[in-house]
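Colleague: Please find the sequence and the predicted model below.
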Amino acid sequence: MSNLLKNLVRFLKPMTIPVFLALANLLVLLLLEFSFSGRISSRYVLEVITASFILFILAKFSISNPLNDLRRNVLLIWKGKTNGSEIVRLRGFGELRDLSIILRKVLAFFMKERSYHLKMYKKYLSTLETIKDGVILIDSSMKVELMNRSAEEILNLDKRKWVGKKVDDLLNELSFKFTDFRDRDEFEQNLKVGRKWKRLRFRISVKDERMVILISDITELDRLRKNIENLKRYAIIGEILSGISHDIKTPLTNIKLIH
């Protein structure tokens, strides 16, 4: 019995407005007839039922169907469960159907824009995951909004743990203070990551109350730069020693020539 009632409710739910109008029309006409004549004939009841049924059909096609179709389209787009093929054509007639058609076009445009921006966002994320530099995006509430794979590897962090957390907590984890980032656009820092020391370059960009932190691991570059500086230093020392050796050899050569 309960299943039968549930099925009946499920069947009548999309037709709530037509059913309500038909029943209201039926009840009002019967009450009016009874109040004026004091009785209700079977012929009149049949006429009222027929009129109420016609009203039900009109309400279903002109009001209920367009609203139900529009509701279905809105829910599909809102939940992101459509690529456009599931958008139904609105049934019915009248001004409400015309309004529903306009809204359907608006929804179709919105869905197209949403699909485009979603595609671009996925492309943007894919690009971020392929670049060598680490990228950390901080939102206007100073929380970590995004962290790419390179940032995870460079800083030895798990983005699943830090996305959504306060940037202060992240910087404390890295032994930084927020002022280190707020007061400088670019700087280099030696940072202990795990068991290793790394030379990292940080570049900070702030726009519309959002912050982008770019992180480059320049450990090898810094080591190469130091090696080059050492080689230059050794070359200078070599030139000095060569000059000293030449100055020493010249008097000795002269002495030998005298003897």
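Modeller: Perfect, thanks for sending it. Residues are numbered from 1 along each chain as shown.
Colleague: So what does Arg39 have for phi and psi?
Modeller: Backbone torsions for Arg39, taken as degrees, to the nearest 10, come to phi -150, psi 160.
Colleague: pLDDT wise, what is it at?
Modeller: Predicted confidence (pLDDT) at Arg39: the value is 72.
Colleague: likewise Lys13?
Modeller: pLDDT at Lys13 comes out at 57.
Colleague: same deal with the one 3 residues further on?
Modeller: If you check Thr16, the pLDDT there is 70.
Colleague: Can you get me a residue count around it?
Modeller: Thr16 has 12 neighbours, counted by other CB atoms under 10 Å. For glycine as for every other residue, the C-beta is placed from the backbone atoms N, C-alpha and C.
Colleague: Excluding covalently adjacent residues, which one is nearest to it?
Modeller: Closest residue to Thr16 apart from its sequence neighbours, by CB to CB, 6 or more residues apart in numbering: Ser64 at 7.6 Å.
Colleague: So what does that neighbour have for phi and psi?
Modeller: Dihedral angles (degrees, to the nearest 10) for Ser64: phi -70, psi -50.
Colleague: packing partners for the strand ranked longest in the chain?
Modeller: Secondary structure of the chain per DSSP state E: the longest strand is strand 196-207. With contacts taken as 3 or more CB pairs under 8 Å, 6 or more residues apart in numbering; DSSP states H and E, strand 196-207 sits against strand 186-193, strand 210-217, helix 219-258.
Colleague: and those, which one's lowest on average pLDDT?
Modeller: That would be helix 219-258, which, of all these, carries the lowest mean pLDDT at a mean of 62.
Colleague: Could you tell me how far Lys159 is located from Leu128?
Modeller: 11 Å (CB to CB, to the nearest Å).
Colleague: coming back round to it: name the surrounding residues that touch the longest strand of the chain.
Modeller: 154, 181, 184-192, 211-219, 221-223 (CB atoms under 8 Å, 6 or more residues apart in numbering).
Colleague: if we go to 7 Å?
Modeller: Strand 196-207 is contacted from outside by 154, 181, 184-191, 211-219, 222, using CB atoms under 7 Å, 6 or more residues apart in numbering.
Colleague: Do I have it right that Ile40 meets Glu33?
Modeller: Yes: assessed by CB atoms under 7 Å, Ile40 is found in contact with Glu33 at 5.4 Å.
Colleague: These two: which has the busier surroundings?
Modeller: Glu33 (17 against 14).
Colleague: Which segments of the chain make up each domain?
Modeller: 2-121, 132-221 (automatic domain parsing).
Colleague: the helices in the protein, which residues?
Modeller: Shown for the chain, the helices assigned by DSSP state H span residues 2-12, 16-37, 42-59, 65-78, 95-130, 149-155, 159-162, 167-173, 178-182, 219-258.
Colleague: distance of the residue lying closest to Phe53 once chain neighbours are set aside from Ser35?
Modeller: Excluding the flanking residues, the one nearest Phe53 by CB to CB, 6+ apart is Ala22, at 6.8 Å. Note on Ala22: its distance to Ser35, by CB to CB, is 21 Å.
Colleague: With neighbour numbers in mind, choose between the two.
Modeller: The residue with more neighbours, out of Ala22 and Ser35, is Ala22; 22 against 8, by other CB under 10 Å.
Colleague: do you know how far the residue nearest to Thr16 is from Phe20?
Modeller: Taking CB to CB, one finds Ser64 at 10 Å from Phe20.
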